[in-house]
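Novice: coords please:
(one chain, ligands or ions: 1)
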Amino acid sequence: MRSAARAEHRPGFRHKARLRNAMRPRRRMRVAATLLSFLLALTCLLAFACEAAPAGHKRVMLLHSFGRDFTPWSKYAGAIRAELSRLASWPLDIIDHALVTARFGGETRDGPFIAYLQATYADDPLDLIVTIGPPAAQFVQRQRLKLFPTTPVVFAVIDENQVTYVEVAANDVVVALRNDLNSFFESMLRVLPETKNVIVITGSSPLERIWLEDIRRAGAPFERRLVFTWHDDLPFEEILKRAAALPPHSVILWCGMVVDAAGIVHEGDTAIDKLYAVANAPIFSYRAAFFGRGIVGGPMHSISGVSQQTAVAAVRLLAGEKAADIQSPAVEFGPPKFDGRELKRWGIPESRLPPESEIHFYSPSAWELYRLQIMGICAALLVQVGLISWLVHEHQRRHLAEIQSRNAIAELTYMDRIATAGELSASIAHEINQPLTGITTRASAALHWLAPETLDVEKVRAALTQIVAAGERAGDIVSGVRAMFKNEPAERTRLDINQLIRTVLEIVRVELQNSNVTFDLKLDDVPGILGDRVQLQQVILNLVMNAIESMKSVQPRVLRVHSTSDGAHVRVSVEDTGTGVDPANIDRIFKTLFTTKSRGMGMGLSICRSIVENHGGRIWVSPAARAGSMFQFELPTASAPR
Ligand code: ADP
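Specialist: The predicted model follows:
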């Protein structure tokens, strides 16, 4: 209806209607009939709508103490508004007003605000007033008769000790907050037992001074243990400076900051945020509205609980219930609530918290979240470190072993060289002994034939010729032995073994004569062999010389040298009638340095074995048929397959 009335008053609308009527007079009746039927239909529609709606909308005023955005009340006001909308079964028109004069304490300045409200609600009275905070409550109680004598009121978010109960009207409900400051102090000292200084921060508005007095009274029993500092008479900027340099074991008790001593008004959460940014001590507050903005925590009210109780009372009043029927006891502190981030920041263990405490904003550490994974990774790392250490150790051990092994090989090689050098010297010494003896003997003979009484030039020439041959043979022996020790391939030529035997017997002819040895030479027609002439001569010579030596102390002295062949091998046997080989030594006589002679070198037979084996043959000893021993060696014939 209101919108229709407004339309009729629009000048344009009226002008158009007049023009239409002037231009079409004959249609007047028909237009009037149409308009009448339209109005009839509209009336029916509205009547139906009114019957369908449960009731008309309700007008509720939220009267704030300082403004809409002042903490702690703003947090409650927002929650009350949301709860009202949720619980009410009628459309609600919630109107916010703020009692600005509360900032300065001006009861005498109520006038303009009263006039404003009177003018605003003269024709459209309010269905309910909800006051937020003590100044708003006190204003309503002061000015009620002038303004809203019959409107029900819910006095909300007001500390119990600030309610003027004698002035609570019959249709009013109080939702008061009961602050158990004693339990608050005890909780604070429980979580931080080393606390010595409490810095109480609040503003300078009349209400904030009342709060300060509440804390003074509640803190009095703790004054033996705590030193209180009151910061209600300082500009907030100065308070911030001091909060940044507090001594150890200090805590800040934050009541709120609406108007500071410099008259500066602090809306919203700006003041607590600034304080939190600079404070070097933990901040405590029993006002739940500051929870989550840096305060450690403790016992405090539940904003949702208080708001719900307020909204329920408001809705029941709006529904027409009597205030006396609505039970609204003072709201006590809920279970202690703590901010997990602040506990962590100030190193407060959970074990210090009062029983049934709630921890909010708890952000578990990476260790708490991923303990198993971290432990698994650490274990894997440890295993890896262990493996790597073991591998490094093993590598070093092997490296050391290799070095030791190389050193040992080098040492062995060195020892081997020394041994080889020693063996070489011994072999040369042994082998050239015979030619040297021959040279000496023949040189003596030559000297004898040069004497004037026995002068025989031919014999001298013969002796010298033999000396030259012995010298050459000595040279050949040295070369042969060196070649053998150098492992050089021996010079292999086709040889007649019988020829070698004859040469050797010619060489030792003098020794045989001097030793009175008769010899029995039996040489078969044997095939040729491939070999080193000098070396094989040495073999036969060594065996013959050993045989002569073995017969020195026995009689008869017979040396038998035979050569035979089975076609594939040529065998040579050197048999004597000497002392024979002790059976105990039979396995050792071919070993280097084994000798039974006082001036022996133990090289002869070992050289023989080396030479024979190098030629692909073998050598052995056996007792002779009658007395003495028989040394035999056999070599493959030149035509025998290699
Ligand atoms: P050496 O003659 O310097 O002792 P050999 O190697 O030639 O070195 O001989 C080793 C040992 O073999 C001799 O000391 C000796 O005991 C024994 N022996 C060698 N030939 C005979 C032999 N014909 N009769 C008895 N013993 C022998």
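Novice: enumerate the residues of the chain near the ligand.
Specialist: 542, 546-547, 550, 576, 578-581, 589, 594-597, 600-606, 629 (C-beta under 6 Å from any ligand atom). C-beta here means a position set from N, CA and C on the backbone, and glycine is covered the same way.
Novice: show me what counts as buried in stretch 202-212.
Specialist: Neighbour counts using 16 or more other C-beta atoms under 10 Å place 202-208, 211-212 of stretch 202-212 among the buried residues.
Novice: the residues you listed in strands, which ones?
Specialist: Thr202 (DSSP state E).
Novice: burial count for His249?
Specialist: By the criterion of other C-beta atoms under 10 Å, His249 has 14 neighbours.
Novice: how much space separates it from the ligand?
Specialist: 103 Å (C-beta to the nearest ligand atom, to the nearest Å).
Novice: and that residue, what does it touch?
Specialist: 194-197 (C-beta atoms under 8 Å, 6 or more residues apart in numbering).
Novice: got a quick PyMOL command for the buried subset of those residues?
Specialist: Only the buried entries of the contacts of His249 go into this PyMOL selection, using 16+ other C-beta under 10 Å:
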select buried, resi 195+197
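Novice: which single one of the contacts of His249 is nearest to the ligand?
Specialist: Glu194 (101.1 Å; C-beta to the nearest ligand atom).
Novice: before we move on, what SS does that closest one have?
Specialist: What DSSP: H, G, I helix; E, B strand; the rest coil gives for Glu194 is coil.
Novice: mind listing what's buried in stretch 303-323?
Specialist: Within stretch 303-323, judged by 16+ other C-beta under 10 Å, the buried ones are 303, 306-318, 323.
Novice: find the nearest non-adjacent residue to Ile95, please.
Specialist: Nearest residue to Ile95 in three dimensions, chain neighbours excluded: Met61, at 5.2 Å (C-beta to C-beta, 6 or more residues apart in numbering).
Novice: for that neighbour, what are its contacts?
Specialist: 94-97, 126, 128-130.
Novice: measure it to Ala77 for me?
Specialist: 12 Å (C-beta to C-beta, to the nearest Å).
Novice: same check, this time on Ala324
Specialist: Distance from Ala324 to Ala77, by C-beta to C-beta: 26 Å.
Novice: and those two? Which one has more around it.
Specialist: Ala77 (26 against 9).
Novice: domain ranges for this structure?
Specialist: The record's domain parsing of the chain by automatic domain parsing lists 2-52, 58-177, 181-298+335-366, 391-488, 490-642.
Novice: show me where the stretch 51-200 of the chain has strands.
Specialist: 58-64, 92-98, 128-132, 153-159, 172-177, 197-202 (DSSP state E, counting those that start in this stretch).
Novice: now those strands as a markdown table including mean pLDDT?
Specialist: Putting those into a markdown table (pLDDT from 0 to 100) gives the following:
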| stretch | mean pLDDT |
| --- | --- |
| strand 58-64 | 95 |
| strand 92-98 | 93 |
| strand 128-132 | 96 |
| strand 153-159 | 95 |
| strand 172-177 | 95 |
| strand 197-202 | 96 |
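Novice: would JSON lines of these with distance to Glu368 be doable?
Specialist: Shown next, in JSON lines, are those (distance: least, C-beta to C-beta, whole Å):
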{"stretch": "strand 58-64", "distance to Glu368": "42"}
{"stretch": "strand 92-98", "distance to Glu368": "44"}
{"stretch": "strand 128-132", "distance to Glu368": "40"}
{"stretch": "strand 153-159", "distance to Glu368": "38"}
{"stretch": "strand 172-177", "distance to Glu368": "36"}
{"stretch": "strand 197-202", "distance to Glu368": "32"}
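Novice: re the thing from before, the residue nearest to Ile95 bridge partners, please.
Specialist: Ile95, Ile129 (DSSP bridges).
Novice: ok, it to Ser365 distance?
Specialist: Applying C-beta to C-beta to Met61 and Ser365 gives a distance of 49 Å.
Novice: with Asp496 instead?
Specialist: 103 Å.
Novice: packing partners of the longest helix along the chain?
Specialist: Using DSSP state H, we find that the single longest helix of the chain is helix 371-450. Counting contacts by 3 or more C-beta pairs under 8 Å, 6 or more residues apart in numbering; DSSP states H and E, helix 371-450 packs against helix 457-485, helix 509-514, helix 533-550, helix 604-614.
Novice: thought Ile507 was touching Gln434?
Specialist: Yes: with contact defined as C-beta atoms under 8 Å, Ile507 reaches Gln434; the gap is 7.5 Å.
Novice: next, show the common contact partners of these two.
Specialist: Leu541.
Novice: ok, and the most crowded of the contacts of Met61?
Specialist: Of the contacts of Met61, with other C-beta under 10 Å as the count, Val130 tops at 29 neighbours.
Novice: need the contact list for that one.
Specialist: 60-63, 80, 153-154, 156, 310, 314.
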